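Q: Mind folding the following:
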Amino acid sequence: MTPTDPPDPESTSGAPSTDASFDVDAPPTPTSAPAPPVLPAGASEPEESSSLGRLTIGFMALGVGGMALFDAALGSAFAPSLHHYIAFAVTILGGGLLVGSIRGRARWLIIVAVVLVPVLVISPVFQWTWVSDAFDNRVQITDFESLDHVYAVDTGKLTIDLRGLPWDGEEVSLTARVDTGSLEVILPQGVGLTGFARVDFGRVRGPDGEITRIGNSRITFSRSGPDGSVTLDLYVDLGNINVRVGE
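A: Numbers count the residues shown, from 1 in each chain. As a prediction, the model looks like this:
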C-alpha cells in the first residue's frame, strides 16, 4: 500500500475557507462606559458656587443707598441716624443668612455679620448726650476780653455760649476740641458763621443740616450776619457737635 499525502483542505471543500473573525458584516463588540472617579476616603464632592452672598451684599448696598437718597431728598421729614443705617444693613444681612440655611451657600456672610453687629451695638453712643454735672463744662461769655480762642476737654460735654457778647461788627475766631463727648456752640441771631466742624466717629449738626457717619463727618459753615462773624474750628474724636443759632 502506497502512503498518500493528507488531503488538501481546499480540494476537499471546493472553496477557500473564510474565518468568521474577519467578517466585515459582524456587529461591533459593545464596550462598557468608563467608571466614575473614586474619591479618596474622607473627601467630599466640591460644592457648587452660589450667588446668594453677592445678592445679599447687593441688596445691602441698594437699601442703604436708597435710605441716603431719601435722607437727602426729604430733609428733616426723613432723617435716619447712623444706627438706623447699620440696623437696616444688618437686617438684610440676617435675611441672607436665613435663606442660606435653607438654600444656597454664603457662609462668608457670617464674617460680615461679626463686624457689623458690634458696630450696631455701640452706634447709639454717637447720639449720646452728656447729662452728668461732673462732665458738663459750660462757658458763658459776656465780654470779648474774657473770650479764649481755644477750648479743650478730654471727656464730657463742652458748651460755649456766645449769645451774651455785645456784638457790634466784631470778627472773632474760636477753636474747640473734645476727645470723647459732645461739643455745642450757641450763636445769637445776626452773627455770621464761617469755618468748619468735624467728627471722626459720630454726628455733626449745623444750622443748615446734619451729617452722621463713621469716619470724617464734616460740615463747612458759610453764613453772613450784620452784627459780626465767628470763624469756627471744631473737632470731636468720638461723639457729637452741635452748632445752633438761638435767642
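Q: got the buried residues for stretch 173-180?
A: For stretch 173-180, the neighbour count (16 or more other CB atoms under 10 Å) marks 174, 176-178, 180 as buried. Backbone N, C-alpha and C define where each C-beta goes, glycine included.
Q: That should have said stretch 191-204, apologies.
A: Here stretch 191-204 shows 191-193, 195-199, 201-204 as buried, counting by 16+ other CB under 10 Å.
Q: Kindly provide the whole-number mean pLDDT of that stretch.
A: Across stretch 191-204, the average pLDDT comes to 88.
Q: what's the closest residue to Leu97 other than its chain neighbours sitting at in phi/psi?
A: Ranked by CB to CB, 6 or more residues apart in numbering and with sequence neighbours excluded, the top spatial neighbour of Leu97 is Leu109, at 5.6 Å. Dihedral pair for Leu109: phi -60, psi -20, per degrees, to the nearest 10.
Q: quick revisit: show me the buried residues of stretch 191-204 that map onto strands.
A: Counting by DSSP state E, the buried residues of stretch 191-204 place 191-193, 195-199, 201-204 in strands.
Q: of all the residues you listed, which comes closest to Ser224?
A: Of all those, Ser224 sits closest to Gly192, with 4.5 Å by CB to CB.
Q: Relative to Asp227, how far out is that closest one?
A: 8 Å (CB to CB, to the nearest Å).
Q: What of Leu193?
A: 12 Å.
Q: Domain-wise, how is this protein divided?
A: Following the assignment in automatic domain parsing, the chain carries domains at 52-127, 133-245.
Q: Check the ones you listed for me: which has the lowest mean pLDDT.
A: Lowest mean pLDDT within the domains of the chain: domain 52-127, a mean of 76.
Q: For my notes, please list the buried residues of stretch 191-204 in TSV and give distance to Gly156 for each entry.
A: Formatted as TSV, the buried residues of stretch 191-204 follow (distance: CB to CB, whole Å):
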residue	distance to Gly156
Val191	26
Gly192	29
Leu193	24
Gly195	23
Phe196	22
Ala197	18
Arg198	19
Val199	16
Phe201	17
Gly202	14
Arg203	17
Val204	18
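Q: which of these lies closest to Gly66?
A: Arg203 (20.8 Å).
Q: and the closest one, what are its bridge partners?
A: Beta-bridge partners recorded for Arg203 (DSSP bridges): Thr212, Asn240.
Q: Run through the residues that contact the closest residue to Ser222 other than its chain neighbours.
A: Distances taken as CB to CB, 6+ apart put Thr194 closest to Ser222, at 5.9 Å, once the chain neighbours are dropped. Residues near Thr194 by CB atoms under 8 Å, 6 or more residues apart in numbering: 221-223, 229-232.
Q: Present those residues as CSV; the columns should include neighbour count.
A: As requested, the contacts of Thr194 are exported to CSV (neighbours: other CB atoms under 10 Å):
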residue, neighbour count
Phe221, 19
Ser222, 10
Arg223, 15
Ser229, 21
Val230, 23
Thr231, 15
Leu232, 23
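Q: Format these as a markdown table; extra columns: secondary structure and distance to Gly96.
A: Converted to a markdown table, the contacts of Thr194 look like this (DSSP: H, G, I helix; E, B strand; the rest coil; distance: CB to CB, whole Å):
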| residue | secondary structure | distance to Gly96 |
| --- | --- | --- |
| Phe221 | strand | 41 |
| Ser222 | strand | 43 |
| Arg223 | strand | 45 |
| Ser229 | strand | 51 |
| Val230 | strand | 49 |
| Thr231 | strand | 48 |
| Leu232 | strand | 43 |
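Q: Only the buried residues of the biggest helix by length in the chain, if you could.
A: In terms of residue count, the longest helix belonging to the chain (DSSP state H) is helix 52-74. Neighbour-count burial for helix 52-74, with 16+ other CB under 10 Å as criterion, is recorded at 52-53, 56-57, 60, 64, 67, 71.
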